[in-house]
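Colleague: with the sequence up front, the predicted model follows.
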Amino acid sequence: MRNTKGNPRQTSMTILILAVGSYGDVLPLVGMARQLQQHGHRVTIFTSAHFKELVHRAGVAFIALGTADDYDAIANNPALWHPHKGWRLLMKRIVSSALGETYTLLKSKVIPENTLLISSTLGFAARLLQETHHIPHATVHFSPGVFHSAHQAPKIPGLILPDWLPVSFKDSMWKFLDHTFIDPIVKPQLNHFRRQLGLPPVSRIFHNWLHSPDLVLGLFPEWFATPQPDWPSETHITGFPLYDEAPDKVLPATVQRFLDAHPEPFVFTPGSANKHGQSFFREATEVCQDLGRPGIFLTRYPEQLPPSLPKGVTHFSYVPLSQLLPHASALIHHGGIGTCSQAFRAGTPQVIQPLAFDQFDNGARMKKLGVGMMIPKRRFQASTIARGLQALLGSSDVKRQCQSLQHNFLGEDHLEKSCHLLETTFRMV
């Protein structure tokens, strides 16, 4: 791991955090910002205007990137949840004119010799500012699927690279994917902007350039993903952050009343940014009716719910999963890493319908741990879900493994561990 060189030992730093993505990307960095601020640092979060209230509730300084309408324009596009089209949609947005605007905003807040940059996986502007101004920078990855390893390859739709294949073959396949699929989408506009900044061109963006040469934080534990020999040498695994705005263990009164009347419900959520979950909730409703079980539907977009919900099934816009899942019998969701981690901590069996991004890899790792199952979208029907839930809830092995994973969360504060690593790496203590 490389420490910052030439800077004196600091007790207080200006920390600029660039959070690009949905709630699953922004929420952990809000928790990190809050913690770093409690350590005495001056922290500002740069993220979509959509998350203004979220950041303000945490008491952290906020600078908007674009408008809430920009965020909605992406969320409104059904292609966002396609295994391949969703990635293209996001990449084109990230390397658009917004890249230059974000770079300029970040640069305007830099305090020479007293600034640390932290960015999520897609925070390209922070990585560029690191290069142009030699500012210390940490890249934060929330899930292991972003590491394109030739040893233990992540599960990506259309690319099956089992562990038994020769490393040299898998490495060649990653190079092929970079040169034919990833770089053609990202590289032209990224390198055009790099030329304007006086920087040389880069290639294999997601294999090499994406990761900061100073520090890479993996916010997941080693029991979920073992670091591989070809991951960046600056990578440190710290554990799931688990921040979800739950200040205490008290559930909202309306939620508690429902649980009192309908104990051990199924909890269904298609993802915080998903506005296209009509079929998900339609099948969920049928599952609850077929099995005679209560259900809680979580979504900020109620227009995708059925016109009426049966008795014993209700909807909430948001409930912290850390509070809700200990009361649930099962969680049915999209496979977001934050949602997975909360279920691991609660000891709740999971059914995952992966749609895009890292969800396929997260689901595969969850299944391998023995605490749930995956159902592909084409088979995500009430009868299949119901049979899967019955098998999971009737399995003593699943119950035992869920309880075993819960023990991994005792004692250590993984978010605090991440903040401590940042401070020691960049000589902030």
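Modeller: The structure has been received and is ready for your questions. Just so we're clear, the structure is a prediction, and the values are computed from it rather than from any experiment. Numbers count the residues shown, from 1 in each chain.
Colleague: tell me which helix or strand comes right after the lowest-mean-pLDDT helix or strand in the chain.
Modeller: None of the helices or strands of the chain scores lower by mean pLDDT, DSSP states H and E than helix 85-94, at a mean of 80. Using DSSP states H and E, the next helix or strand after helix 85-94 towards the C-terminus is helix 97-108.
Colleague: pLDDT averaged over that following helix - what is it?
Modeller: On average, the pLDDT along helix 97-108 is 92.
Colleague: residues in contact with that helix?
Modeller: Helix 97-108 is contacted from outside by 16, 18, 46, 63, 65-66, 70, 117, 124-126, 128-129, 133, 189-190, 193, 196-197, using CB atoms under 8 Å, 6 or more residues apart in numbering. Where C-beta positions appear, they are placed from N, C-alpha and C, glycine not excepted.
Colleague: mind redoing it with 10 Å?
Modeller: When contacts are defined by CB atoms under 10 Å, 6 or more residues apart in numbering, helix 97-108 is touched by residues 16, 18, 20, 44, 46, 63-66, 70, 93-94, 115, 117, 119, 123-129, 132-133, 135, 189-190, 192-193, 196-197.
Colleague: the residues you listed, buried ones only, as a ChimeraX selection?
Modeller: The following ChimeraX line selects those of the contacts of helix 97-108 that are buried, judged by 16 or more other CB atoms under 10 Å:
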select :16,18,20,44,46,63,64,65,66,70,93,94,115,117,119,123,124,125,126,127,128,129,135,189,190,193
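Colleague: helices along the stretch 301-429 of the chain, start to end?
Modeller: Using DSSP state H, counting those that start in this stretch, the helices of the stretch 301-429 of the chain run over 321-324, 337-346, 359-368, 382-393, 396-406, 414-425.
Colleague: and the last one, C-alpha only, in PDB?
Modeller: So that's helix 414-425. Output in PDB follows, covering the C-alpha atoms of helix 414-425 (Å, rounded to 0.1, in the frame of the first residue of the first chain):
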ATOM      1  CA  HIS A 414     -16.500  -2.300   9.500                       C
ATOM      2  CA  LEU A 415     -17.300   1.300   8.600                       C
ATOM      3  CA  GLU A 416     -15.000   2.500  11.400                       C
ATOM      4  CA  LYS A 417     -12.400   0.000  10.200                       C
ATOM      5  CA  SER A 418     -12.600   1.600   6.700                       C
ATOM      6  CA  CYS A 419     -12.200   5.100   8.100                       C
ATOM      7  CA  HIS A 420      -9.300   4.100  10.300                       C
ATOM      8  CA  LEU A 421      -7.500   2.600   7.200                       C
ATOM      9  CA  LEU A 422      -8.100   5.800   5.300                       C
ATOM     10  CA  GLU A 423      -6.600   7.900   8.200                       C
ATOM     11  CA  THR A 424      -3.500   5.700   8.600                       C
ATOM     12  CA  THR A 425      -2.900   5.300   4.900                       C
END
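Colleague: ok, how many other residues are close to Gln205?
Modeller: Not Gln; residue 205 is Ile. Per other CB atoms under 10 Å, the neighbour tally for Ile205 reads 20.
Colleague: related to what we said a few turns ago, for the least confident helix or strand of the chain, buried residues please.
Modeller: Applying 16+ other CB under 10 Å to helix 85-94 flags Gly86, Trp87, Leu89, Leu90, Met91, Arg93, Ile94 as buried.
Colleague: please apply the same query to stretch 278-285.
Modeller: Phe280, Phe281, Glu283, Ala284, Thr285.
Colleague: got a list of contacts for that stretch?
Modeller: Outside of stretch 278-285, the residues within contact range by CB under 10 Å, 6+ apart are 266-271, 274, 277, 295-297, 299, 302-306, 308-310, 313, 315, 332-334, 353, 355, 375, 377, 380-386.
Colleague: quick check: mean pLDDT across that stretch?
Modeller: Mean predicted confidence for stretch 278-285 is 96.
Colleague: again with stretch 372-391
Modeller: 96.
Colleague: could you do stretch 176-184 as well?
Modeller: Average pLDDT, stretch 176-184: 91.
Colleague: for that stretch, buried residues please.
Modeller: Burial within stretch 176-184, assessed by neighbour count using 16+ other CB under 10 Å, is assigned to Leu177, Asp178, Ile182, Asp183.
Colleague: what's the offset of that stretch from the middle of its chain?
Modeller: How far stretch 176-184 lies from its chain's middle: 23 Å, per CA atoms, centre = their mean, to the nearest Å.
Colleague: mind listing residues that contact it?
Modeller: By CB under 10 Å, 6+ apart, the residues outside stretch 176-184 that reach it are 84, 87-88, 91, 148, 156, 158-159, 161, 174, 186-187, 190-191, 202-208.
Colleague: let's see it at 8 Å
Modeller: Stretch 176-184 is contacted from outside by His148, Leu159, Ser203, Arg204, Ile205, Phe206, His207, using CB under 8 Å, 6+ apart.
Colleague: C-alpha coordinates for that stretch, PDB please?
Modeller: This file holds the C-alpha atoms of stretch 176-184, laid out as PDB (Å, rounded to 0.1, in the frame of the first residue of the first chain):
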ATOM      1  CA  PHE A 176     -11.000  -9.500 -25.500                       C
ATOM      2  CA  LEU A 177     -13.900  -8.100 -23.400                       C
ATOM      3  CA  ASP A 178     -12.000  -4.900 -22.700                       C
ATOM      4  CA  HIS A 179     -11.000  -4.300 -26.300                       C
ATOM      5  CA  THR A 180     -14.300  -5.200 -27.900                       C
ATOM      6  CA  PHE A 181     -17.000  -4.200 -25.400                       C
ATOM      7  CA  ILE A 182     -15.900  -2.000 -22.500                       C
ATOM      8  CA  ASP A 183     -13.200   0.300 -24.000                       C
ATOM      9  CA  PRO A 184     -15.200   1.200 -27.200                       C
END
